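Student: Quick check, what structure comes out for this input:
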Amino acid sequence: MPESAKREVYLDYAGATPMDARVKLAMEPYWELEFGNPSALYRKGRIAKDAIDAARKSIAGILHAAESETIFTAGSTEADNLAMFGVIRAVKPILVANKLGGHVIISAIEHHVVLNSVEALIKEGIERSLAPVDKEGVTDVAALEKLIRPDTILVSVMYANNEIGTIQPLGEIAKVIRKVREERKKENNPLPIYFHSDGAQAAGALDLDVQKLGVDLFVISSSKVYGPKGVAVLYIRRGTRIAPIYFGGGQEGNLRSGTENVPVIVGFAKALGIAEDMREKENARLAELRDYFISRLTKEIPKTILNGSQRSRLPNNVNVTVLDIEGEAAVLYLDAHGISISTGSACTSITLDPSHVIIALGRPYEHAHGSLRFSLGRSTTREDIDYVMEVLPKVVARLRQISPVNMEIGQESISHPEAFAGQGAKVKVGGKTYK
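Tutor: Model prediction:
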């Protein structure tokens, strides 16, 4: 098909969203006209500061937080790092004084920003436990509670998973955290315990009221709500011990130094406000399209399995495993037809490692390597989905013709483990290790 004749269908809104035209318009004055440094005392500086203050007030209102509890960062990766490393650094003196090592708990399906941050913390002497999830990817709250120790500092569970869209029971986890705090008071244990959640995928789709969620640290990102890239907000509940992770001019409450990026902060507030206004109506539209798509995928393509929960799921997320194909190959074949999707996590699509999220569901490697994520957005139509369903069955048939594997639904053993070990991954089958 000639490039000019391709139909373009973008279905990776969980990876990135286009900027809303209204957002771009709101940002426009702060590039060339009102370009002042917000820390400056003169008029242009005050105008820039007023713009940041207005943006902070708007976002804090949506979060049901105080303005002083919100910190702007240059993206959700930085915000999550500040939350995790900042808390550990702040409580380090308590750990040392009480001869405690320090311990964190994360869910088994966290985003790589949390997984890799914890790996770095382990090198600093902090111990880690993984809270398991059930076959639909919902965190086992009872199992998580049993993992809490006297030296547990932080529990981190994302609000909604970036790969399979499963919504996590944050309210239930928050109740556990509050109970542990009360027990520590009675036991005279001076160590605080905090609840952190990455809410990047939830913004625009779920209720962001941090009081209802019960979180102490919460992250949302502009790039997921049709705003500019490179800006996020970290909510820090008042009273939470946290230290900066780098230093400079002391902006953002002395927690995130560096001259604020005024245009993108303004854009973020505008984008989040629009997303909140559209949320109820757009969720209903997307959920209807999602369910239509899932129904067609699982009925029309044999050996296709839905990953995640049917009910407790983001309205725009469709993640399926198509057995006997390689997900990356499917992505490239679909791209040739103008269809943009992802496999596993878009942040790690450059590696061949199987999705840790699908593996955490108790599935074999072949399920992980055949997983495809379609995430719908504001421009997605029923016609787009129908076009994908014209193309995808043919792509799957082609890939299955050249596939070395033939797996059945419910099969747990790996037919060709040597083909499914990624970079640095190890697969053990029958006493033999494949790398």
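Student: any idea how far the nearest residue to residue 258 once chain neighbours are set aside is from residue 88?
Tutor: Once flanking residues are discounted, residue 258 sits nearest to residue 248: 5.6 Å by CB to CB, 6 or more residues apart in numbering. (Each C-beta comes from the backbone N, C-alpha and C, glycine too.) Look at residue 248 and residue 88: by CB to CB, to the nearest Å, they are 21 Å apart.
Student: Looking at those two, which is more packed in?
Tutor: residue 88 (23 against 11; other CB atoms under 10 Å).
Student: Give me the pLDDT value at the more buried one.
Tutor: On pLDDT, residue 88 comes in at 96.
Student: residue contacts, residue 378?
Tutor: Residues counted as contacts of residue 378 (CB atoms under 8 Å, 6 or more residues apart in numbering) are 13, 226, 278, 282.
Student: Ranking by neighbours, what's the top pick from the residues you listed?
Tutor: Within the contacts of residue 378, residue 226 tops the neighbour count with 25 neighbours, counted by other CB under 10 Å.
Student: Mind picking out the helix or strand in this structure with the poorest mean pLDDT?
Tutor: Lowest mean confidence among the helices and strands of the chain (mean pLDDT, DSSP states H and E): strand 427-429, at a mean of 47.
Student: okay, and for this structure, where does confidence drop off?
Tutor: Within the chain, the segments meeting pLDDT under 70 span 1-5, 344-352, 405-435.
Student: Need the single longest helix in it, by residues.
Tutor: Taking DSSP state H as the criterion, the chain has its longest helix at helix 262-300.
Student: Output the contacting helices and strands for it.
Tutor: helix 21-27, helix 29-32, helix 43-63, strand 304-306, strand 317-322, helix 382-401 (3 or more CB pairs under 8 Å, 6 or more residues apart in numbering; DSSP states H and E).
Student: And that helix, what's buried?
Tutor: For helix 262-300, the neighbour count (16 or more other CB atoms under 10 Å) marks 262-276, 278-279, 282-283, 285-287, 289-290, 293-294, 296-297 as buried.
Student: now do stretch 381-394
Tutor: In stretch 381-394, counting by 16+ other CB under 10 Å, buried: 384-385, 387-388, 391-393.
Student: out of the residues you listed, what pair is the most spread apart?
Tutor: Largest separation among those by CB to CB: 384 and 393, giving 15.9 Å.
Student: residue boundaries of the strands in the stretch 1-150 of the chain?
Tutor: Listed in chain order, the strands of the stretch 1-150 of the chain (DSSP state E, counting those that start in this stretch) span 9-10, 70-73, 103-107, 127-131.
Student: Throw these into CSV and include distance to residue 324 and mean neighbour count, thanks.
Tutor: Output for the strands of the stretch 1-150 of the chain, formatted as CSV (distance: least, CB to CB, whole Å; neighbours: other CB atoms under 10 Å):
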stretch, distance to residue 324, mean neighbour count
strand 9-10, 24, 20
strand 70-73, 43, 24
strand 103-107, 30, 24
strand 127-131, 30, 18
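Student: among those, which is nearest residue 198?
Tutor: Evaluated over the strands of the stretch 1-150 of the chain, closeness to residue 198 peaks at strand 103-107, with 10.2 Å, by CB to CB.
Student: mind exporting the closest one as PDB, just the C-alpha atoms?
Tutor: C-alpha atoms of strand 103-107 as PDB (Å, rounded to 0.1, in the frame of the first residue of the first chain):
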ATOM      1  CA  HIS A 103      12.100  -2.000  53.700                       C
ATOM      2  CA  VAL A 104       9.800  -1.100  50.800                       C
ATOM      3  CA  ILE A 105       6.900  -3.000  49.200                       C
ATOM      4  CA  ILE A 106       5.800  -2.700  45.600                       C
ATOM      5  CA  SER A 107       3.300  -4.500  43.600                       C
END
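Student: Compute the inter-axis angle for it and strand 127-131.
Tutor: Interaxial angle of strand 103-107 relative to strand 127-131 (axes from the mean of the first three to the mean of the last three CA atoms, to 10 degrees): 30 degrees.
Student: Run the chain-centre distance for strand 103-107.
Tutor: Strand 103-107 sits 16 Å away from the centroid of its parent chain (CA atoms, centre = their mean, to the nearest Å).
Student: Which other helices and strands does that strand contact?
Tutor: helix 112-123, strand 127-131, helix 141-147, strand 152-156.
Student: What are the contacting residues of that strand?
Tutor: Here strand 103-107 has contacts from 84, 88, 114-115, 118, 121, 126-131, 133, 139, 144, 147-149, 151-158, 168, using CB under 8 Å, 6+ apart.
Student: And stretch 372-382, what's buried?
Tutor: Those would be 372-378, 380, for stretch 372-382 by 16+ other CB under 10 Å.
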